[in-house]
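**Q** Sharing a model prediction with you, sequence too.
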Amino acid sequence: MQPNVNVVSLVSIGRHPQSGRSRRAEQDGRAVELGLSLVGEALTVVHVGEDQDPVLRQYAGMGLPSMTVLSQGKECDALPVLTSFLKAQLPSVVLTGVRSESGESSGMLPYLLAEALGWPLVPRVAEILHIKDGQAEVLLALPRGQRRSVQVTLPFIASVDNAAQEARQTAFGPGLRATLHVETVDSVVDDAAIQWEMSAAKPRPKRLKVVKAKTAADRMKAATAKPVGGGGKIMKNETPAEKAQAIFDLLLEEKVVR
Amino acid sequence: MIFDWLPPTLIGVLLVLAGIGAVRRINLWRAGQSEKVDILAGLMAMPKRYLHDLHHVVERDKYMSRTHVATGGGFVLAMVLVVFVHLFGVKSEILAWALLAALVIMFCGALFVAKRRLNPPSRLSKGPWMRLPKSLLTFSITFFVLTLPAAGILPEGFGGWLLTVVLSVLILMSLGEMLFGMTWGGPMKHAFAGALHLAFHRRPERFGGGRSTGLKPAVLGGDVHGVSKPTDFKWNQLLGFDACVQCGRCEAVCPAFAAGQPLNPKKLIQDMVVGFAGGTDEKYAGSPYPDGSGGVQDVGNAVGGKDQIITNGLINPDTLWSCTTCRACVEECPMMIEHVDAIVDMRRFLTLEKGDTPNKGAQVLENIIATDNPNGYSPASRTHWAADQNLNVMKEVKQADVLFWVSDGAFDMRSQRILRSFVTLLKAAKVDVAILGDEERDSGDVARRLGDDATFQSLAKRNLATMSQYRFNTIVTTDPHAFHCLKNEYGDFGSTALDGVEVLHHTTFLNRLIKEGRLQLDAFSGGKVTYHDPCYLGRYNGEYDAPRELLASLGIEVAEMERSGYRSRCCGGGGGVPITDIPGERRIADMRMEDVISTGAEMVAVGCQQCTAMLEGVVEPRPVVKDIAEILAGQLKEMH
Ligand code: SF4
Ligand code: SF4
């Protein structure tokens, strides 16, 4: 543990996929867990939203003596409030989930925060191995249980992948007794979002999977093998400009950019 | 005579020391939390509770009950007379003769105590308990001889100073055990603490043939939830622990102990005593906790103190999580000690304060909180099982004669077969029935037994609020756990939803239907059948007859297992134990299936979906497992 590092975990109100009921969000819970394993009770946990939400007590029940709530209504945008909070706090590490379970759930918040603060963003973190001399060694989660180790300079923002350590059990008593530091903030109403109409998603019909494999070994292979992208190309020695051009061409080809 | 003053002085000194010990002991109990007890009424009721209720339990072991009457009764009478004859020096031959008679009775009893100790069963504690019969015999012989002159049988001053000195030494030894040991922690402590425990019992409803099995609600919102250190127990719970005679009857019936899981209810109670009195368990001379892999744990390393957290060094949490809350120990305990209350109290601390429910516990609790069922299914799919059942839903009909409480069996395919069978029977009997449908929630049983009383209370209140919107006369459920919660535990939350409503288990209800002639059934001809009493139906609610009468109505003569009725062995499914899953040497369900097989039955009838799941989980070949509702539905006469 490195309690002298300033770590902030951002948490939101999750939504249970079956019941639709409010809950501690999966990935945000992992962000708190990761923060606790890094710095213990020195962790700062921040929520932007309503300070009365009982779900906050579920986060606090993970053993947080206190939480910070930047209090504002549902219709307000979290981004500007968080940006100014983090600018004032200047933490070394900010942990978030990959995407929220309710609201827009665009997964953009960590990116927009990183942009506003001018910090690097490390997406889909599985583990932070250690922090030393202004550098952190971070394990990224790749598909199929693979990991990639990267070095990041502090301060940075990391989104926490489902591969990270699961959130610990929340305990009722400590959650109830934790102090909530409620800060009133200059909120900005999210004009665009309040125009939107939310409706339940309909499950898309799934294409039937035809299993061609004849033997158990084949099925195992089919289930575990890496997808082989036929058209892939590795560029190592080209100049950054050439690499950028290649990416741009691909985006054009895939009609992502027109 | 130069030493004549010695015996009375010794008696007096020991009495005073016993008095000092009693005050000390009482202060140890008083370190517990306050609890309202009617002291006077309790003391007045105590003799009756001893003679009637306690003896009712001791009676199950005829040898011991007679021995105890003789020894205990003889001693109490003798002690009172000793005070008059030898301490106050009352000169009365009648008293002296009465004293002699009491001592003879005691002597006879003590002989039988000694006989049992010649080759004691493993459930009995050894150590100082092996000394007790000798002390009892010495006491009776010594005072017999000492009383002979007073009775006029021997001349005054017989034996000279030598006899007086010898008798004095014997008095010191035996009376030391009986009086000094009684209040300073010797084996005789059970008499002193036991008498007061009977007087100030936390569940006085249990006396006089009553039943009190619902857990007491945890107070939510304080500095600590549940019991973390011994002084968090109520004072009369501490007193109760002190009453234990280490007879090991609880140990002999505990399914977890038999399965080699790290629990022994007797040791647990002794550890509680170590906790509030302080010290270590090195003096414990009974069976240790099993270690979960065929061996036993070492004794002597557990350290406790009244303000020390119990699970830090006194008791391993695995011990607490091994308990199925089957109540076999409570049912069997002659001192009427409440093991299950204590275990759940300590579990509450682990879950509500430490967030440390083992294995699947955390996930199950999280699911219950987020979806009102332990497996995290969509609450909107709760009534899918009844899609083809054409059942009334309360939300639409608002009232019905009978509310069928479906329970979480609704999500489980095996349990659904029981539910469907029961509905078939209800329809055949033309019962006006409705269900809550998707408005029903988990009863809270699992959450409560796992120590999460916050979630239990929240579920109970929401279920009560739902039910209060509708009108019905009876609730019937096929799940004994939900039955217990609804009947015995929902009453603590100030709702009127269940006022005047009768809560019944489906076997009781079906039995009534049959007696009223509303169900026509064919006789059963499928071979030998035995019946497994679910703990939460039998010991928790005293329903042993209805299931048997139902089977009898089909012409089935139940081939009873050795452990049946109030002595039924748990299936291993209660108390959240399948969720916490503490390793043992064997599985409880396997042991129960062996009980079944030893009757030669081809089918075991049960009245609980959890028991069904546990027993059906035993590898085949084994007897068929069926709920009574399924058996009855199979025998329903075709209506034309
Ligand atoms: S309730 Fe059952 S499992 Fe628990 S200690 Fe008592 S006998 Fe053992
Ligand atoms: S708790 Fe009860 S049954 Fe168990 S050893 Fe003590 S007195 Fe006997």
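**A** Nice, thanks for sending it over. Ligands and ions are numbered 1, 2, ... in the order given.

**Q** So what's the residue count around B:F88?
**A** Per other CB atoms under 10 Å in any protein chain shown, the neighbour tally for B:F88 reads 11. Where C-beta positions appear, they are placed from N, C-alpha and C, glycine not excepted.

**Q** how about low-confidence regions in chain B?
**A** Scanning chain B for pLDDT under 70 picks out B:1-2, B:639-640.

**Q** who in it is up against chain A?
**A** For chain B, the contact set with chain A under CB under 8 Å from any CB of the partner chain comprises B:220-221, B:223-225, B:351-357, B:361-362, B:365-366, B:369-372, B:376-379, B:452, B:454.

**Q** Tell me the buried residues within the residues you listed.
**A** Neighbour counting by 16 or more other CB atoms under 10 Å in any protein chain shown classes B:225, B:351-357, B:361-362, B:365-366, B:369-372, B:376-379, B:452, B:454 among these as buried.

**Q** Tell me which of the residues you listed fall in helices.
**A** Of those, the ones assigned to helices by DSSP state H are B:G361, B:A362, B:L365, B:E366, B:I369, B:A370, B:T371, B:A454.

**Q** Quick check: the last one touching B:L220?
**A** Yes. With contacts defined as CB atoms under 8 Å, B:A454 counts as touching B:L220 at a distance of 5.7 Å.

**Q** Which residue ranges of the stretch 151-258 of chain A form helices?
**A** Listed in chain order, the helices of the stretch 151-258 of chain A (DSSP state H, counting those that start in this stretch) span residues A:172-177, A:191-195, A:216-224, A:240-253.

**Q** And the strands in chain B?
**A** Per DSSP state E, chain B carries strands over the ranges B:279-280, B:303-304, B:392-393, B:402-405, B:433-435, B:474-477, B:502-505, B:529-531, B:603-606, B:624-627.

**Q** quick revisit: which one of the helices of the stretch 151-258 of chain A has the lowest average pLDDT?
**A** With a mean of 79, helix A:216-224 has the lowest mean pLDDT of the helices of the stretch 151-258 of chain A.

**Q** Any idea how many residues pack against the residue of the stretch 151-300 of chain B found nearest ligand 1?
**A** Of all residues in the stretch 151-300 of chain B, B:C254 sits closest to ligand 1, at 3.3 Å by CB to the nearest ligand atom. Per other CB under 10 Å, the neighbour tally for B:C254 reads 27.

**Q** Could you measure from it over to B:V83?
**A** Distance, B:C254 to B:V83, by CB to CB, to the nearest Å: 41 Å.

**Q** Enumerate every residue touching the closest residue to ligand 2 within the stretch 501-640 of chain B.
**A** Closest to ligand 2 within the stretch 501-640 of chain B is B:R567: 13.3 Å, counting by CB to the nearest ligand atom. For B:R567, the contact set (CB atoms under 8 Å, 6 or more residues apart in numbering or on different chains) comprises B:V253, B:A328, B:E331, B:E332.

**Q** Save these as TSV, and put in neighbour count too.
**A** Below are the contacts of B:R567 laid out as TSV (neighbours: other CB atoms under 10 Å in any protein chain shown):
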residue	neighbour count
B:V253	24
B:A328	27
B:E331	21
B:E332	22
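
**Q** Pipe those residues into CSV and attach distance to B:G42 per row.
**A** Listed next are these as CSV, based on distance: CB to CB, whole Å:
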residue, distance to B:G42
B:V253, 28
B:A328, 27
B:E331, 22
B:E332, 23
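
**Q** Might you specify the subset of these located within helices?
**A** Per DSSP H, the subset of those in helices is B:V253, B:A328, B:E331, B:E332.

**Q** Quick check: the first one vs chain A, distance?
**A** Spelled out, it's B:V253. 32 Å (CB to the nearest CB, to the nearest Å).

**Q** Thanks again, I'm all set now.
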